[in-house]
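Q: just the structure for this:
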Amino acid sequence: MAKNICLLVCTMLVFLYSSCDSSKKNNDETSFSKNAVLLKTDNDFAASSAEKGLRQAYLENIDSNGVLLRPNALPIAGADAVDYIIGLKDTGYSMQWKPSNAVVSVSGDLGYTYGVYEIKSSVVDTTLYGTYVSIWKKQNDGKWKFVLQSNNEGIGNGE
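A: Numbering: from 1, shown residues only. Below you'll find the model as predicted:
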């Protein structure tokens, strides 16, 4: 099952990457602009988490059909993902992340971001680091919401 999920995520990323048109000069500025908007969306998502808490930020940014991929767990999708987020206890720790890049498809309706995160405990002197990827879908109102989010622990000191 885990191999199938990995294959699905890899296939989606290859599809997104291949649909992005960065080779045509006349589309470079448009592509850059679209990418910058999505990068800002992920940065705003991170800022919202720091301001409102992880649970609220996730609820505001997940698509109604969104999927969460978590280590050692089956995919959590749609209403189950929303229920999972509602059940999060987001006190006692904080999660911060920094997107490294964003790429938007030529059609402008799908994209992905990736970067690094850190989770700091307010109870014990512990910090966990990792990487993440989020696949985003543009909504009918023009806002971006993530449709798939996954993370991977372990990058040392977070740099």
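
Q: buried ones in the helix ranked longest in the chain?
A: The longest helix of the chain (DSSP state H) is helix 25-52. Neighbour-count burial for helix 25-52 flags 31, 34-35, 37-39, 41-43, 45-46, 48-49 (criterion: 16 or more other CB atoms under 10 Å). For every residue, glycine as well, the C-beta is placed using N, CA and C.

Q: quick check: the closest residue to Ala50 other than its chain neighbours vs Asp80, distance?
A: Nearest non-adjacent residue to Ala50, counting by CB to CB, 6 or more residues apart in numbering: Gln96, 6.3 Å away. Using CB to CB, to the nearest Å, Gln96 is found at 26 Å from Asp80.

Q: what of Arg55?
A: Counting by CB to CB - Arg55 and Asp80 are separated by 15 Å.

Q: for Asn102, what are its contacts?
A: Quick fix: residue 102 is Ala, not Asn. Counting by CB atoms under 8 Å, 6 or more residues apart in numbering, Ala102 touches 35-36, 38-39, 41-42, 111-113.

Q: could you rerun that using 7 Å?
A: Counting by CB atoms under 7 Å, 6 or more residues apart in numbering, Ala102 makes contact with 35, 38-39, 42, 111, 113.

Q: check which helix or strand covers Tyr112.
A: For Tyr112, the host element (DSSP states H and E) is strand 110-121.
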